[in-house]
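S.K.: I need the structure of the sequence given here:
(one chain, ligands or ions: 1)
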Amino acid sequence: MTKRETFGSSFGVLAAAAGSAIGLGNIWKFPYITGENGGAAFVLVYLICIALVGVPVMFAELLIGRRTQSASVGAFKALAPKQAWFLTGWFGVVAAFMILSFYGVVAGWTLNYTYLSVTNQFAGATPEQISKMFDSFITNGTQPIFWQMIFMVMTAFIVLSGVKDGIEKYSKIMMPMLFVIVVVLAIRGMTLDGASKGIDFLLTPDFSKLTAQSVLVALGHCFFTLSLGMGAMLVYGSYTGKTQSLGKLALQVTLADTAIALLAGLAIFPAVFAFGVNPGQGPGLAFVTLPNVFNQMPGGYFFAIAFFVLLAVAALTSAISLLEVLVTFLCEEFKFGRIMATIVATLTSSVLGVLCALSMSPTSGVSKLKFPTLAGPQNFFDTMDWWSSNMLLPLGGLLVIVFAGWFMKPADVRDELSSQGLYAVKWFKAFQIAARFIAPIAIVVVLVAKISGKIS
Ligand code: PHE
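M.R.: Model prediction:
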């Protein structure tokens with residue numbers, strides 16, 4: 001067997017794994033679902049999900065990946081031969097296709113917004129005009145597809161360049177840059193006139209606004225934002241060197257991801273209230289509020305460019321992990337070569353993505369199609385998002401954590417988490433309790449409540 005490619009340095013691993021976690025989920029999705037679900041109380045539930053469910057599941061994925069040196073399906077086949085556990089990998093593959101389809105579309109929006117900022121098209125526009133620009137762009141049909149295609153080609157290019165010279169190299173440069181720019185924008189947001197309302201909305205919980213539905217959304221988002229439940233962290237675990245501390249890696253990734261989400265909230269919500277945008281307005285939130293902020297800032301022209309470039313980059317480092325899941329799957333299970341696998345996976349998810357883009361355009365037939373979800377009929381884009389984020393990822397996460405908590409030998413789990421005894425894992429008992437009881441029970445309760453209609 002040829003030796004599996006690994007990341008080159010521990011900073012490289014961190015950048016790649018944080019690059020996967022930090023993406024549109026933090027800067028685009030987190031603020032708008034927080035807006036739709038009433039603000040700070042939702043944020044609190046989300047943070048609890050991260051701590052009690054997200055962290056243990058991340059440990060489990062990393063350790064299973066590194067132990068088996070395979071992607072998800074192969075990993076479960078290796079650890080539980082002739083058993084149905086490998087289906088966990090298959091669920092993940094389906095989820096990766098679904099997520100990559102709509103993710104590519106939104107990432108395409110970020111490229112278009114980069115172009116609009118370079119050509120200075122927000123200058124002098126009123127908040128209403130900025131919001132109209134967004135609506136007419138996403139409902140245009142062809143334009144979003146054009147940008148989506150460019151994005152998918154970029155993603156495929158990096159994945160083709162390989163783990164160390166593609167994924168790791170790009171993440172190491174881009175992630176620190178993203179961090180700096182988000183901090184600057186958060187400071188700008190918090191110093192806007194009337195910022196306090198936005199800060200309160202994000203940080204002062206009002207539990208009367210919390211609905212049971214929000215709890216499902218918070219749990220689903222905890223998986224989405226940390227790239228869990230579909231094998232991305234598992235594959236990255238398989239590229240992680242044997243002497244790396246998995247515990248430290250998981251905590252650093254989680255902290256960085258959470259920090260970026262909260263900072264994005266601090267950049268966006270003060271502006272939402274200052275410019276009279278509706279916080280519950282949905283997927284356009286970041287795209288219709290931030291251009292107003294840039295218009296009001298000295299050097300706004302440059303900040304706008306920097307922001308949208310980096311948002312595109314954050315999306316890129318996440319999309320490569322989604323594509324990597326599909327590529328390793330095709331290579332390992334169907335013996336595709338890396339190039340062929342990349343082409344097939346990119347084409348398939350791009351076609352699904354075209355349907356996502358068209359489902360937002362009222363003049364296309366696709367927008368008339370509605371698909372069932374437990375939250376009522378939705379268009380193709382929302383259906384892909386709903387089933388993957390709210391059902392497949394929690395289900396995948398549940399299977400992974402039950403596998404690590406109950407099925408694997410505790411001695412093996414400990415051996416891997418401690419890097420064969422290199423690190424003292426004093427927290428091992430705590431991990432076991434979380435993996436055996438807390439995380440599975442929390443996921444099951446939320447899923448069962450949702451499916452049985454207790455949460456509508
Ligand atoms: N975590 C990424 C984000 O927040 C999205 C993602 C989900 C990436 C699942 C990989 C796997 O944008």
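
S.K.: outside of the helix or strand bottoming out on mean pLDDT in the chain, which residues touch it?
M.R.: The weakest-scoring helix or strand in the chain, judged by mean pLDDT, DSSP states H and E, is helix 169-190 (a mean of 87). The contact list for helix 169-190 (C-beta atoms under 8 Å, 6 or more residues apart in numbering) reads 11-12, 15-16, 18-19, 22, 27, 158, 161, 195, 198-199, 256, 260, 263-264, 266-271, 290, 293, 297, 303, 306-307, 310, 313-314, 316-317, 320. C-beta here means a position set from N, CA and C on the backbone, and glycine is covered the same way.

S.K.: does the ligand have contacts with it?
M.R.: No. Judged by C-beta under 6 Å from any ligand atom, helix 169-190 and the ligand are separated, with a smallest distance of 11.8 Å.

S.K.: mind checking what helix or strand follows that helix in sequence?
M.R.: Per DSSP states H and E, the first helix or strand lying C-terminal to helix 169-190 is helix 195-203.

S.K.: from the chain's centre, how far out does that following helix sit?
M.R.: 24 Å (C-alpha atoms, centre = their mean, to the nearest Å).

S.K.: what about stretch 67-81, how long is it end to end?
M.R.: End-to-end distance of stretch 67-81 (C-alpha to C-alpha, to the nearest Å): 15 Å.

S.K.: report the buried residues of that stretch.
M.R.: Within stretch 67-81, the residues that count as buried by 16 or more other C-beta atoms under 10 Å are 67-77, 79.

S.K.: same check, this time on stretch 325-333
M.R.: Neighbour-count burial for stretch 325-333 flags 325-333 (criterion: 16+ other C-beta under 10 Å).

S.K.: just for this protein, where's the confidence low?
M.R.: In the predicted model of the chain, residues 1-3, 454-456 satisfy pLDDT under 70.

S.K.: state which helix of it is the longest.
M.R.: helix 300-334 (DSSP state H).

S.K.: which parts of the stretch 151-300 of the chain sit against the ligand?
M.R.: So the stretch 151-300 of the chain meets the ligand at 224-225, 227, 230, 232 (C-beta under 6 Å from any ligand atom).

S.K.: out of these, which sit inside helices?
M.R.: Those of those mapping onto helices are 224-225, 232, per DSSP H.

S.K.: returning to what we had before: buried subset of the contacts of helix 169-190?
M.R.: By 16+ other C-beta under 10 Å, these give 12, 15-16, 18-19, 22, 27, 158, 195, 198-199, 256, 260, 263-264, 266-271, 290, 293, 297, 303, 306-307, 310, 313-314, 316-317, 320 as buried.

S.K.: check contacts around residue 21.
M.R.: Contacts here follow C-beta under 8 Å, 6+ apart; on that basis residue 21 touches 225-227, 253-254, 256-257, 318.

S.K.: and the nearest residue to it once chain neighbours are set aside, what does it touch?
M.R.: In space, and not counting its chain neighbours, residue 21 is closest to residue 257: 4.2 Å by C-beta to C-beta, 6 or more residues apart in numbering. Contact analysis of residue 257 by C-beta under 8 Å, 6+ apart lists 18, 21-22, 26, 225-226.

S.K.: try 6 Å
M.R.: 21-22, 225-226 (C-beta atoms under 6 Å, 6 or more residues apart in numbering).

S.K.: residue 237 too?
M.R.: Contacts of residue 237 by C-beta under 6 Å, 6+ apart are 62, 65-66.
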